[in-house]
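[1] got a predicted structure here, sequence first:
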Amino acid sequence: MPNRLFALTALLLLSITVSTSVSAPASAAPTPPAPAVFSIASPDGRLTASITTDHEGRPSYRVDRNGAPVISSSRLGLILLDAPKFERNLAVSNPRTRSFDQRWEQPWGERRYIRNHYNELRVTLTERTRPFRSFDVVFRVYDDGLGFRYEFPDQAALKQLRIAEELTEFDIAGDATAWWIPAGEWNREEYLYNRTPLQEVGDAQTPITLRRQDGLHVTIHEAALVDYSGMNLTRVEAHRLKANLTPGIGDGKVVRNAPFHTPWRTLQISDNAAGLAMSSLILNLNEPNALGDVSWVKPMKYVGVWWEMHLDKKSWASGAKHGATNENVRRHIDFAAAHGFGGVLVEGWNVGWDGDWFGNGEDFSFTESYPDFDLDALTAYANAKGVQLIGHHETSGHAAHYESQLDAAFNLYQRVGIRAVKTGYVADAGQAKVIGSDGKLHYAWHEGQDMARHHLKVVTEAAKRHISVNPHEPVKDSGLRRTYPNWITREGARGMEFSAWGNPGNPPEHETNLVFTRLLAGPMDYTPGIFGTRTRPGSQVATTWAKQLALYVVIYSPLQMAADLLDNYEANPAPFQFIKDVPVDWDQTVVLNGEVGDYVTIARKDRHSDNWYLGAVSDDQARSLPVALSFLQAGRRYTAQIYRDGERADWKTTPEDIVIEEREVSSSDTLTLRLAAGGGQAIRFIAQ
């Protein structure tokens with residue numbers, strides 16, 4: 001039946017709605033023909049995107065699934081600063097279609113092979129009045145969603161676009177619950193998720209996830225954000241969301257010379273939450289690897305001189321509490337080597353941390369060490385033990401100052417053998433600093449066009465030295481890791497450090513929100529693995545130990561930190577064993593169940609063995625989740641090493657109550673996972 005449906009859809013791929021000629025009195029004015037409607041269906045025929053114009057020439061699109069609307073008629077277009085806007089008097093014509101089906105391999109990732117299968121429709125929108133400017137709208141429709149973007153050709157009447165705003169809309173068909181964080185606020189992307197009716201959404205960042213009353217899940221985001229401002233959404237009325245681009249540093253939010261294209265505006269669509277988390281849409285809408293051989297990009301686990309600063313036991317600044325000392329770093333290197341970790345992150349090693357560095361950054365040197373830190377000696381010591389230091393560059397949002405030292409900083413890391421760097425942009429939103437085209441220093445938003453350019457420059461310069469990049473306080477993830485595989489992970493959400501500070505920390509549902517919102521964009525350096533859950537006085541990590549272990553499977557990142565103090569791992573070798581065993585590079589991923597903000601269970605197969613790993617986490621409710629093990633290889637036995645919440649486990653009172661046990665299982669078995677309040681379960685399936 002699906003094949004017949006697709007064949008029928010293909011015949012109607014370029015269907016044009018034309019009014020039927022009817023005899024009319026000679027005195028009656030002729031009825032104008034209805035505007036053309038062009039449509040494209042997904043490979044399975046269930047999802048259809050259509051584009052048309054109304055009688056005033058206003059373009060719009062809609063999305064239907066199984067014949068019912070998902071996105072009702074929604075506007076398209078742009079407002080320009082110094083030229084008429086693209087909003088009305090447009091005619092849609094010249095439809096071109098194609099199909100694409102390819103299986104491609106990730107050099108690292110949550111799954112090794114990805115199918116990129118879509119049908120594409122390209123149409124041209126041309127002004128019906130002078131100067132007859134034109135642009136294309138391109139739709140790529142997949143079984144699990146779609147992307148669309150604007151493409152502007154080189155033309156005499158439009159050499160440069162100074163974009164004040166997009167007119168792009170998403171009119172959600174039906175009532176929905178929304179999970180979202182605010183846009184335009186001081187703390188960038190680091191907010192707890194709101195769960196509200198769609199009608200209560202204000203200014204929201206993407207990804208934003210919606211669940212309709214009929215259970216359909218929709219996530220709105222963007223892919224391939226290059227030399228453009230990040231897209232936010234503003235609810236303007238009822239169920240209608242409108243694009244709201246991040247401000248630029250000048251008059252326009254975006255300034256580009258033609259030819260160019262915008263990022264893809266994306267819709268991931270699924271019958272359930274688990275389907276959203278299985279989608280590869282964002283990656284597929286990015287260009288293939290542009291770096292060539294990237295075998296030098298190494299996923300790994302790491303420890304670091306970091307958590308102790310957040311607990312106020314050490315400091316980034318020099319002095320008696322300085323954390324980045326030769327002695328302390330050697331201890332971390334020895335620990336990493338003894339327990340099989342690939343890297344040691346060191347923050348606070350470089351001059352500039354003394355004084356007021358938040359949002360300033362002018363005093364940072366990215367090549368000069370503090371006197372009690374010997375970069376050459378420590379990197380040599382680490383390399384001799386099979387461990388590498390992970391460099392750290394905190395910019396305090398001063399991108400211009402960082403770029404002035406970028407070559408020297410990366411050349412230094414290349415010389416001493418550092419192959420990964422964590423960058424940081426700690427500054428109030430809108431207070432990043434960039435050099436504009438006028439050669440002057442300007443304040444910029446973290447997700448504006450200039451910062452999008454900056455981050456890509458850092459990644460490409462790092463790639464020339466075979467260095468991977470993990471930015472914190474970053475520009476949003478939009479799948480560019482496919483094109484630049486050394487853009488290995490990033491932060492871009494409330495991480496574990498909020499639980500060190502407390503007041504409030506991350507609540508138990510935070511991670512179950514992240515899986516179905518932020519993590520749909522790409523990997524996150526969340527820094528799990530905390531056993532010392534009582535942090536500062538009056539503060540506590542809202543978790544059980546078993547949940548901390550499960551997060552290594554649930555929250556995907558090819559760089560995974562064992563974030564706690566080394567003392568806590570040395571004192572608890574039994575649960576620490578799972579952190580030592582769990583991989584960070586996967587062959588397959590299966591999302592077994594989940595509800596946004598409530599719970600999720602994910603199984604992943606190691607890329608370098610036949611072993612599987614499972615992680616399940618819950619919110620503040622205790623749960624029992626039946627899980628079929630059908631993802632395991634049929635006919636094969638496995639030893640399940642289980643790390644589960646004990647009978648008394650509760651994140652508030654007894655987070656350390658953990659039971660570690662083994663049993664034999666096969667693909668025909670079903671396990672019942674019992675999760676405590678704020679709890680979780682982690683399982684290692686060892687193939688026999």
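    Now that the structure is in, tell me what you want to look at. Numbers count the residues shown, from 1 in each chain.
[2] from here on, just use CA atoms for contacts and neighbour counts.
    Fine.
[3] give me the most central residue, the chain.
    The residue lying closest to the centre of the chain (C-alpha atoms, centre = their mean) is Ala521, at 2.7 Å.
[4] which residue ranges of the stretch 501-650 of the chain form helices?
    For the stretch 501-650 of the chain, the helices defined by DSSP state H, counting those that start in this stretch occupy 510-514, 545-554, 566-570, 573-581.
[5] any idea how many residues pack against the closest residue to Arg663 other than its chain neighbours?
    Distance criterion C-alpha to C-alpha, 6 or more residues apart in numbering; nearest residue to Arg663, sequence neighbours excluded, is Ala640 at 5.4 Å. Ala640 is flanked by 22 other residues according to other C-alpha atoms under 10 Å.
[6] redo the helices of the stretch 501-650 of the chain as JSON lines? Include mean pLDDT.
    JSON lines is the format used below for those (pLDDT from 0 to 100):
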{"stretch": "helix 510-514", "mean pLDDT": "98"}
{"stretch": "helix 545-554", "mean pLDDT": "99"}
{"stretch": "helix 566-570", "mean pLDDT": "98"}
{"stretch": "helix 573-581", "mean pLDDT": "98"}
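[7] of all those helices, which lies closest to Ser72?
    Closest of these to Ser72 is helix 510-514, at 26.5 Å (criterion: C-alpha to C-alpha).
[8] just checking, what packs against that closest one?
    Applying 3 or more C-alpha pairs under 8 Å, 6 or more residues apart in numbering; DSSP states H and E, we find helix 510-514 packed against strand 612-618.
[9] the residue nearest to the centre of the chain reaches Ile282, doesn't it?
    Yes. Because the distance of 6.8 Å satisfies C-alpha atoms under 8 Å, Ala521 is recorded as touching Ile282.
[10] for Asn289, which of the helices of the stretch 501-650 of the chain is the nearest?
    helix 545-554 (25.6 Å).
[11] how big is the angle separating that closest one from helix 573-581?
    Inter-element angle recorded for helix 545-554 and helix 573-581: 10 degrees (by axes from the mean of the first three to the mean of the last three C-alpha atoms, to 10 degrees).
[12] next, the angle strand 612-618 makes with helix 545-554.
    Angle, helix 545-554 to strand 612-618, by the same axes, to 10 degrees: 120 degrees.
[13] list of residues touching helix 545-554?
    515, 528-531, 560, 575, 578-579, 582, 600-604, 613-617, 643-645, 655-658, 678-683 (C-alpha atoms under 8 Å, 6 or more residues apart in numbering).
[14] export only the CA atoms of it, formatted as PDB.
    C-alpha atoms of helix 545-554 as PDB (Å, rounded to 0.1, in the frame of the first residue of the first chain):
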ATOM      1  CA  TRP A 545      24.200   7.400  41.800                       C
ATOM      2  CA  ALA A 546      22.500   5.000  39.400                       C
ATOM      3  CA  LYS A 547      21.100   7.900  37.500                       C
ATOM      4  CA  GLN A 548      24.600   9.500  37.200                       C
ATOM      5  CA  LEU A 549      25.800   6.300  35.600                       C
ATOM      6  CA  ALA A 550      22.800   6.100  33.300                       C
ATOM      7  CA  LEU A 551      23.500   9.600  32.000                       C
ATOM      8  CA  TYR A 552      26.600   8.300  30.200                       C
ATOM      9  CA  VAL A 553      24.300   6.400  27.900                       C
ATOM     10  CA  VAL A 554      21.300   8.800  27.900                       C
END
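[15] quick one: that helix to chain centroid distance?
    Chain-centre distance of helix 545-554: 19 Å, with C-alpha atoms, centre = their mean, to the nearest Å.
[16] return the set of buried residues in that helix.
    Trp545, Ala546, Lys547, Gln548, Leu549, Ala550, Leu551, Tyr552, Val553, Val554 (16 or more other C-alpha atoms under 10 Å).
[17] sorry, back to before: so who does the residue nearest to Arg663 touch?
    The neighbours of Ala640, taking C-alpha under 8 Å, 6+ apart as the test, are Glu662, Arg663, Glu664, Val665, Ile683, Arg684, Phe685, Ile686.
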